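Enquirer: what follows is a predicted structure for the sequence shown.
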Amino acid sequence: MFASSPAPVSSPGVVQVRRLLGHQAGEFEVGVGLGEGWAMAWWAPMGAFQTVRSRATVQSAAPGKSRACARPPQYGRRVLNEDGYFGEAIAAGYDDPSSEMFAPEVVARTAGVLAELAGGGRALELGIGTGRIAVPLARRGVEVHGIDMSRAMVERLRAKPGGDAIGVTIGDFATAKAPGRFTLAYLVFNTIMNLTTQDAQVDCFRNVAEHLEPGGCFVIEVGVPDLRRLPPGQNAVPFHVDGSRLGFDLYDVATQAMSSHHVTVQDGRSSYWSIPFRYVWPAELDLMARLAGLRLRERWDGWSREPFTSESRQHVSVWEKPAG
């Protein structure tokens, strides 16, 4: 049985969470603290902890060569290492065939829509990761290039059949430059929220606009902020609870900051992982697009192009760069 209750936020930029997972009270503690340039995580025994300081740097690389970037990563807050929030520990288990996002029909539907929007031109994936979408899109004959901060994730892409033929620029996708121009750029599965400041999200739109050919499209798949599930005085929304795993989001409605927390107990061993986000509203994205010289063309509930309504919990939006 799970017993859980989020501890109060003790200061701006700090999140602390404690969990009792099938243990006697006081024997097991999981927590995380995030601050400017530092992070701290701990678990049983009580009071044992490790502090990790971040001096994140990044290099920019294209296939066959690499060079140093002039600017550090801009995911918002400083991150723990040069791989951003998706280091080796996360990359090793990211491709989970039991996850809905890896279901063959989901991947095929997503790649099909993107291939149609590419219109025979080149596609740029921001946050290409392990190539969940890039590899099947390339198999459809689309030339794909990616941008990603995490070398660990890109190594998994390279190991997949056809993955080594996809060009990747290592860097922050809000600012990093890829070679050439594209008819399509896209961000899938909430990746825009990995940019944890509004400025970084605005920079991302501007960066995409510079990469697009006239008439090209920018596509984002992202959830609608789930604030209707927050009663007054509550800041946590669980998204997965069972006998071995607890997942919940924490919201700060004053800053649009949020974080997802994952606690797993398996074979008597416990693990904890969290990642910060900045949630963003559809209308806010439209304004960011307008600032970058793009205009909204389509908005759907999902990749099957269902109508977007007031009950939609996610959306796929398409902005275009004017041809003239």
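Expert: Right, received. Where do you want to start?
Enquirer: only C-alpha atoms for contact and neighbour calcs from this point on.
Expert: Noted.
Enquirer: and the helices in this protein?
Expert: Applying DSSP state H to the chain gives helices spanning 88-91, 104-118, 134-139, 151-159, 198-211, 282-291.
Enquirer: take the ones you listed and write them to JSON lines, including distance to residue 298 and mean neighbour count.
Expert: Listed next are these as JSON lines, based on distance: least, Cα to Cα, whole Å; neighbours: other Cα atoms under 10 Å:
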{"stretch": "helix 88-91", "distance to residue 298": "33", "mean neighbour count": "15"}
{"stretch": "helix 104-118", "distance to residue 298": "11", "mean neighbour count": "17"}
{"stretch": "helix 134-139", "distance to residue 298": "21", "mean neighbour count": "21"}
{"stretch": "helix 151-159", "distance to residue 298": "30", "mean neighbour count": "20"}
{"stretch": "helix 198-211", "distance to residue 298": "16", "mean neighbour count": "21"}
{"stretch": "helix 282-291", "distance to residue 298": "11", "mean neighbour count": "16"}
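Enquirer: and the biggest strand by length in the chain, what's buried?
Expert: Longest strand of the chain, by residue count under DSSP state E: strand 212-223. Neighbour-count burial for strand 212-223, counted by 16 or more other Cα atoms under 10 Å, picks out 212-214, 216-223.
Enquirer: and stretch 302-316, by the same measure?
Expert: Buried positions in stretch 302-316, judged by neighbour count with 16+ other Cα under 10 Å: 302-303, 308, 314-316.
Enquirer: and stretch 87-103, by the same measure?
Expert: Using 16+ other Cα under 10 Å as the burial criterion, the residues of stretch 87-103 that qualify are 87, 91, 94-95.
Enquirer: quick one: strands adjacent to the longest strand of the chain?
Expert: strand 182-187 (parallel), strand 314-320 (antiparallel) (DSSP bridges).
Enquirer: so for residue 276, which of the ones you listed sits nearest?
Expert: With Cα to Cα, the closest approach to residue 276 among the strands paired with strand 212-223 belongs to strand 182-187: 17.2 Å.
Enquirer: which outside residues touch that closest one?
Expert: Strand 182-187 is contacted by residues 114, 117-119, 121-127, 208, 211-221 when judged by Cα atoms under 8 Å, 6 or more residues apart in numbering.
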